[in-house]
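Q: build me a structure from this.
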Amino acid sequence: MIQYILAIMFLIRDRTPFVLTSDMAYVINGGDKPSAKFHHFVDLCCQAFNIVRKHGNLILHLFGLVCFKIFLSLEENNYYVIM
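A: Numbers count the residues shown, from 1 in each chain. Below you'll find the predicted structure:
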């Protein structure tokens, strides 16, 4: 059952890539011109992506355990998920 729930969750996810708008860049830069803050933001994004990619398998397993525990607690409390 938990595999079915996870499969549905991953099929429904948003497939649109992240878009950095000019308004977002303006706020990060603190103005129109690129600044050190913007380069720092890009570096942090790259580091975060590489960490998630490196430990993606562990993150997915932990997420699966959390979902399984939530499902068990719903069963214990006589709540039923209707799909």
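Q: flag every buried residue along the helix or strand encompassing V52.
A: The secondary structure element spanning V52 is helix 36-54 (assigned by DSSP states H and E). Using 16 or more other CB atoms under 10 Å as the test for burial, helix 36-54 gives F38, F41. From N, CA and C alone the C-beta is placed, and that goes for glycine too.
Q: the bottom helix or strand of this protein by mean pLDDT?
A: helix 2-12 (a mean of 57; mean pLDDT, DSSP states H and E).
Q: just the angle between the helix or strand following that one and helix 36-54, please?
A: Once the chain leaves helix 2-12, the next helix or strand it forms, by DSSP H and E, is helix 22-29. Between the axes of helix 22-29 and helix 36-54, defined by axes from the mean of the first three to the mean of the last three CA atoms, to 10 degrees, the angle is 110 degrees.
Q: name the helices or strands packed onto helix 22-29?
A: Helices and strands in packing contact with helix 22-29 are listed as helix 36-54; criterion 3 or more CB pairs under 8 Å, 6 or more residues apart in numbering; DSSP states H and E.
Q: then the helix it packs on to PDB, C-alphas only?
A: As requested, the backbone C-alpha atoms of helix 36-54 are provided in PDB (Å, rounded to 0.1, in the frame of the first residue of the first chain):
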ATOM      1  CA  ALA A  36      28.500  39.100  -4.400                       C
ATOM      2  CA  LYS A  37      25.200  38.100  -2.700                       C
ATOM      3  CA  PHE A  38      23.900  36.700  -6.000                       C
ATOM      4  CA  HIS A  39      27.000  34.700  -6.600                       C
ATOM      5  CA  HIS A  40      26.800  33.400  -3.000                       C
ATOM      6  CA  PHE A  41      23.200  32.400  -3.700                       C
ATOM      7  CA  VAL A  42      24.200  30.500  -6.800                       C
ATOM      8  CA  ASP A  43      27.100  28.800  -5.000                       C
ATOM      9  CA  LEU A  44      24.700  27.700  -2.200                       C
ATOM     10  CA  CYS A  45      22.200  26.400  -4.700                       C
ATOM     11  CA  CYS A  46      24.900  24.300  -6.400                       C
ATOM     12  CA  GLN A  47      26.100  23.000  -3.100                       C
ATOM     13  CA  ALA A  48      22.600  22.000  -2.000                       C
ATOM     14  CA  PHE A  49      22.000  20.300  -5.400                       C
ATOM     15  CA  ASN A  50      25.200  18.300  -5.100                       C
ATOM     16  CA  ILE A  51      24.400  17.200  -1.500                       C
ATOM     17  CA  VAL A  52      20.900  16.100  -2.400                       C
ATOM     18  CA  ARG A  53      22.300  14.200  -5.500                       C
ATOM     19  CA  LYS A  54      25.000  12.600  -3.400                       C
END
